[in-house]
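Novice: Okay, predicted coordinates and the sequence, questions at the end:
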Amino acid sequence: MNCPAPTRQPPNLPSNPPPPTSPPLTPHLFPASLATASTTTTTESKNVSLRQSHKPPIVPWTSAIGRHCRNGDLSQAMKEFTRMRLSDIEPNHITFITLLSGCAHFPSQGQFLGGSIHAYVRKLGLDRDNVRVGTAVVDMYSKYYVTIIAVLSACANLGALNLGLWINRFVMGKEFGDNIRLSNTLIDMYSRCGRVDFARQIFEQMPSRTLVSWNSMIGGFAANGHVEEALKFFDRMKMEGFKPDGVSFTGALTACSHAGLVAQGLQFFDEMQRVHKISPRIEHYGCLVDLYSRAGRLEDAMTVIKNMPIKPNEVVLGSLLAACRNCGDVGLAEMLMKYLLKLDRGSASNYVLLLAHMYAAAGSWDGAGKVRRKMKTQGIEKRTGVSSIEISDSIHEFISRDKSHPETDSIYTVLDLLSYELGMYGCLPDATTQETQDNYKCNTEL
């Protein structure tokens with residue numbers, strides 16, 4: 001989406017350069033000012049120019065513009081450019097290279113001015129006829145897309161979909177709309193925000209793709225539960241001549257895990273090592289453990305953990321521990337807790353509580369009390385839960401037992417109603433444990 005043209009018209013510029021105390025030319029006024037200076041000249045300035053015996057050479061003007069650009073004062077550089085045009089001095093390719101380089105080196109200012117300079121360059125045809133000018137244009141825009149990629153990555157981490165959509169519209173009106181890295185980042189952002197349909201639109205419109213493009217789509221489909229599409233894209237990627245890497249197989253294994261496709265997941269794990277000679281990393285073993293765990297094959301999952309050449313992390317162990325809870329396998333859960341406590345007591349705190357819940361659900365109150373006493377004596381504290389949600393372009397963050405939000409009363413009223421409805425259908429698995437009762441009581445008191 002192209003930025004709208006300025007609605008304010010700049011004041012009539014004097015024939016002589018204004019004194020140094022005049023206000024700087026602000027970015028939002030420069031496009032109109034540049035267009036005015038490039039197409040019209042006041043009658044008075046023309047008469048003055050005609051009376052001059054000779055015109056000032058272009059070199060001093062370009063040098064002055066370059067000095068301001070090097071100092072990061074792009075506003076003053078643009079004022080010099082406007083004065084030069086009003087003096088009937090035609091800019092050359094060096095002048096434009098100087099301005100474009102200034103915008104590239106100071107993108108916070110240049111992003112407002114660079115597009116107008118580029119439009120002037122295109123009008124003169126210099127971007128086609130002069131290689132150095134064309135290179136300067138590309139260099140300028142390359143600085144901007146790096147910033148945009150960083151912002152899009154932040155949107156992905158926060159789940160800020162609306163801001164990501166706005167940036168996408170902004171990108172569409174720019175010269176770097178077909179930039180592969182930018183397109184890949186958009187795919188990742190939309191996938192992580194749950195809009196794989198938008199991600200697919202970006203993917204299908206790309207004139208060329210990289211392995212990262214394919215991996216982003218496969219991983220996005222898998223993470224959002226579109227298993228069939230994830231596996232189709234994996235096959236399509238290979239048919240189009242791309243060789244899958246470790247990230248590709250992580251996406252395929254994740255898809256198989258979510259769908260309970262144990263046999264197909266094992267085939268992918270074997271193909272990765274035997275055909276593509278890729279050594280499994282911790283994330284691949286984690287997918288394999290999760291694959292077995294979700295299918296209820298806990299012993300097979302534990303065998304993978306015992307035999308893997310890499311030390312398992314809390315994610316791998318936690319995946320199997322959660323499966324133990326679902327299957328009621330307290331003995332295996334106790335074994336896993338020994339691994340977790342050796343890794344990091346802080347990271348294991350929530351898993352220790354999970355074991356306590358398992359004891360309580362099985363009616364072993366002595367076991368639950370023992371676990372809680374052990375947490376207290378060893379200084380293991382539960383991590384505070386934090387969640388966030390985007391509503392009307394604002395990010396709302398919530399911390400466990402937090403009362404600072406202005407809508408706290410209304411929020412917990414709705415939560416209580418939902419908890420009641422869930423309880424009616426038996427969907428509160430830990431409602432009998434003391435901690436859950438305390439949390440529920442805390443919420444209702446809010």
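Specialist: Received, thanks.
Novice: how about low-confidence regions in the stretch 101-250 of the chain?
Specialist: For the stretch 101-250 of the chain, the stretches with pLDDT under 70 are 108, 111, 142-144, 173-178.
Novice: Now do the helices in it.
Specialist: Secondary structure of the stretch 101-250 of the chain (DSSP state H, counting those that start in this stretch): helices at 107-124, 126-129, 131-158, 161-172, 180-192, 196-205, 211-223, 227-239, 246-259.
Novice: the domain parsing of the protein - what is it?
Specialist: For the chain, the domain assignment from automatic domain parsing gives the residue ranges 30-129, 398-445.
Novice: that older thread, compare the helices of the stretch 101-250 of the chain and give me the one nearest Ile278.
Specialist: When the helices of the stretch 101-250 of the chain are ranked by distance to Ile278, counting by Cβ to Cβ, first place goes to helix 246-259 at 5.4 Å. Heads up, the C-betas are built off the backbone N, CA and C, glycines and all.
Novice: low-scoring stretches of the stretch 251-400 of the chain, by residue?
Specialist: Within the stretch 251-400 of the chain, the ranges that satisfy pLDDT under 70 run 340-385, 392-393, 400.
Novice: switch to 80 and redo it
Specialist: Counting by pLDDT under 80, the ranges of the stretch 251-400 of the chain that qualify are 314, 318, 321-322, 325-400.
Novice: So which residues of it form helices?
Specialist: Assignment of helices within the stretch 251-400 of the chain using DSSP H, counting those that start in this stretch yields the ranges 262-274, 282-294, 298-307, 314-327, 330-343, 349-361, 365-377.
Novice: buried set for the third one?
Specialist: Going back to what we said before, that points to helix 298-307. Taking 16 or more other Cβ atoms under 10 Å as the basis for neighbour counts, the residues of helix 298-307 that come out buried are Leu298, Asp300, Ala301, Met302, Val304, Ile305.
Novice: Do I have it right that the third one meets Arg294?
Specialist: So that's Ala301. No: here Ala301 lies out of contact with Arg294, judged by Cβ atoms under 8 Å, at a distance of 9.3 Å.
Novice: Quickly list what's touching both of the two.
Specialist: Between them, Ala301 and Arg294 share these contacting residues under Cβ atoms under 8 Å, 6 or more residues apart in numbering: Ala323.
Novice: In contact with Leu332, which residues?
Specialist: Shown here is Leu332, whose contacts under the criterion Cβ under 8 Å, 6+ apart are Leu298, Met302, Leu320, Cys324.
Novice: what about 7 Å?
Specialist: With contact set as Cβ atoms under 7 Å, 6 or more residues apart in numbering, Leu332 has these partners: Leu298, Met302, Cys324.
Novice: again, but for Ser257
Specialist: For Ser257, the contact set (Cβ under 7 Å, 6+ apart) comprises Gly265, Cys287, Asp290, Leu291, Arg294.
Novice: Now do it against Leu266, distance only.
Specialist: Remark: distance between Ser257 and Leu266 (Cβ to Cβ, to the nearest Å) = 11 Å.
Novice: tell me, which of the domains of the chain is the model least confident about?
Specialist: Of all those, domain 398-445 carries the lowest average pLDDT, namely a mean of 65.
Novice: would JSON lines of the helices of the stretch 101-250 of the chain with distance to Glu334 be doable?
Specialist: Formatted as JSON lines, the entries for those read as follows, by distance: least, Cβ to Cβ, whole Å:
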{"stretch": "helix 107-124", "distance to Glu334": "56"}
{"stretch": "helix 126-129", "distance to Glu334": "69"}
{"stretch": "helix 131-158", "distance to Glu334": "36"}
{"stretch": "helix 161-172", "distance to Glu334": "42"}
{"stretch": "helix 180-192", "distance to Glu334": "36"}
{"stretch": "helix 196-205", "distance to Glu334": "39"}
{"stretch": "helix 211-223", "distance to Glu334": "31"}
{"stretch": "helix 227-239", "distance to Glu334": "33"}
{"stretch": "helix 246-259", "distance to Glu334": "25"}
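Novice: so which of the ones you listed comes closest to Ile391?
Specialist: Closest of the helices of the stretch 101-250 of the chain to Ile391 is helix 161-172, at 9.6 Å (criterion: Cβ to Cβ).
Novice: Pull up the gap between Gly220 and Glu90, please.
Specialist: When distances are taken as Cβ to Cβ, Gly220 and Glu90 turn out to be 51 Å apart.
Novice: More neighbours: which of these two?
Specialist: Neighbour tally, Gly220 and Glu90, criterion other Cβ atoms under 10 Å: the higher count belongs to Gly220, 27 against 11.
Novice: That one is in contact with Cys193, isn't it?
Specialist: No: counting by Cβ atoms under 7 Å, Cys193 is not a contact partner of Gly220; they are 9.8 Å apart.
Novice: any idea whether Pro406 is helix, strand or coil?
Specialist: Taken by DSSP: H, G, I helix; E, B strand; the rest coil, the conformation at Pro406 corresponds to coil.
Novice: Can you get me a residue count around the residue nearest to Glu90 when sequence neighbours are not counted?
Specialist: Taking Cβ to Cβ, 6 or more residues apart in numbering, and ignoring the residues beside it in sequence, Glu90 has Ile58 as its nearest neighbour in space, at 7.3 Å. Other residues within reach of Ile58, judged by other Cβ under 10 Å, total 15.
Novice: For Ile58, give me its contacts.
Specialist: Under the criterion of Cβ under 7 Å, 6+ apart, the neighbours of Ile58 are Ile89, Asn92, Thr95.
Novice: Most neighbours among these, which one is it?
Specialist: Ranked by neighbour count under the definition other Cβ under 10 Å, those are headed by Thr95 with 22 neighbours.
Novice: Can you tell me the element it falls in?
Specialist: According to DSSP states H and E, Thr95 maps onto helix 93-105.
Novice: on that earlier part again, can you redo the contacts of Leu332 as JSON lines, where the extra columns are distance to Ile202?
Specialist: Shown next, in JSON lines, are the contacts of Leu332 (distance: Cβ to Cβ, whole Å):
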{"residue": "Leu298", "distance to Ile202": "40"}
{"residue": "Met302", "distance to Ile202": "41"}
{"residue": "Cys324", "distance to Ile202": "40"}
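Novice: And those residues, which is closest to Leu163?
Specialist: Each of the contacts of Leu332 was checked against Leu163 using Cβ to Cβ; the closest is Cys324, at 40.1 Å.
Novice: I'd like to know how many residues surround the closest residue to the closest one other than its chain neighbours.
Specialist: Spatial nearest neighbour of Cys324, excluding adjacent residues (Cβ to Cβ, 6+ apart): Ala333 at 4.1 Å. Neighbourhood size, Ala333 [other Cβ under 10 Å]: 22.
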